[in-house]
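Peer 1: just the structure for this:
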Amino acid sequence: MKFVPMADLLQHAVSEGYAVPAFCVWNAETMETVLRSAEKLKAPVIMMNGPSEFAVLKPADMGAIAQTVARRFQVRAALHLDHGDSLELVEACLAAGYTSVMLDYSRRPLQENTEAMRRVVAMARPLNVTVEGELGVIGKVDQTSCRRRGSIDSHRPGGSSLLCQGDGDRCVSRLHWECPWYVHNTPSSRF
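Peer 2: This is a model prediction of the structure:
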């Protein structure tokens with residue numbers, strides 16, 4: 001099996017009315033478990049990893065292991081960089097064969113986020129790789145938890161549409177709410 005762009009998995013899911021699960025993987029064993037389960041269920045799946053998992057294996061090694069493990073299974077799957085925190089990490093994942101990349105510049109100014117996303121799209125488009133970007137963030141205490149109460153920091157509605165304007169690419173944009181139990185007013189977006 002070869003990994004496919006995440007957009008291909010999601011377009012079919014939307015048209016047929018089902019969800020595609022995404023699982024964090026960090027070694028051959030977790031990859032094998034996810035792919036074996038997906039194959040048994042005849043269900044597509046997204047295997048993802050990001051900066052935390054790359055402390056264990058660098059993108060080139062993670063990609064090579066994922067490609068090797070995937071050869072043993074017949075299932076539609078994407079290999080996704082989740083919450084990539086630099087353009088260099090995106091480049092490393094593209095070189096390692098990832099079929100979907102996310103750049104999370106949500107803590108940076110909207111203009112910087114937009115410019116970086118355009119660069120990611122330019123790098124990914126020739127490789128037929130799905131691109132995801134993140135706008136807005138709810139405050140974090142550390143990399144894995146949301147424990148602080150108080151203000152919510154996010155871009156204003158309408159910022160998402162700015163990211164999508166430009167050269168006519170199809171675009172799916174979302175606001176990601178990492179700790180919805182702290183949100184007192186339900187956010188809404190109009191695109």
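Peer 1: list the contacts for Glu132?
Peer 2: If a contact means Cβ atoms under 8 Å, 6 or more residues apart in numbering, then Glu132 has 6, 100-103, 172 as its contacts. Where C-beta positions appear, they are placed from N, C-alpha and C, glycine not excepted.
Peer 1: from the residues you listed, which is closest to His12?
Peer 2: Closest approach between these and His12, by Cβ to Cβ: Met6, at 11.1 Å.
Peer 1: any idea how far Glu29 is from that closest one?
Peer 2: Look at Met6 and Glu29: by Cβ to Cβ, to the nearest Å, they are 23 Å apart.
Peer 1: these two: who's more crowded?
Peer 2: Set Met6 next to Glu29 and count neighbours by other Cβ atoms under 10 Å: Met6 wins out with 26 against 10.
Peer 1: ok, and the closest non-adjacent residue to that one?
Peer 2: Ser100 (3.6 Å; Cβ to Cβ, 6 or more residues apart in numbering).
Peer 1: same check on Ala78?
Peer 2: Met6 (4.0 Å).
Peer 1: for the top strand by length along the chain, which strands pair with it and how are they oriented?
Peer 2: Taking DSSP state E as the criterion, the chain has its longest strand at strand 77-84. When pairing is defined by DSSP bridges, strand 77-84 lines up against strand 45-49 (parallel), strand 100-104 (parallel).
Peer 1: any chance of the ones you listed in TSV, plus distance to Lys2, mean neighbour count and mean pLDDT?
Peer 2: Conversion of these to TSV gives the following (distance: least, Cβ to Cβ, whole Å; neighbours: other Cβ atoms under 10 Å; pLDDT from 0 to 100):
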stretch	distance to Lys2	mean neighbour count	mean pLDDT
strand 45-49	13	24	96
strand 100-104	14	24	94
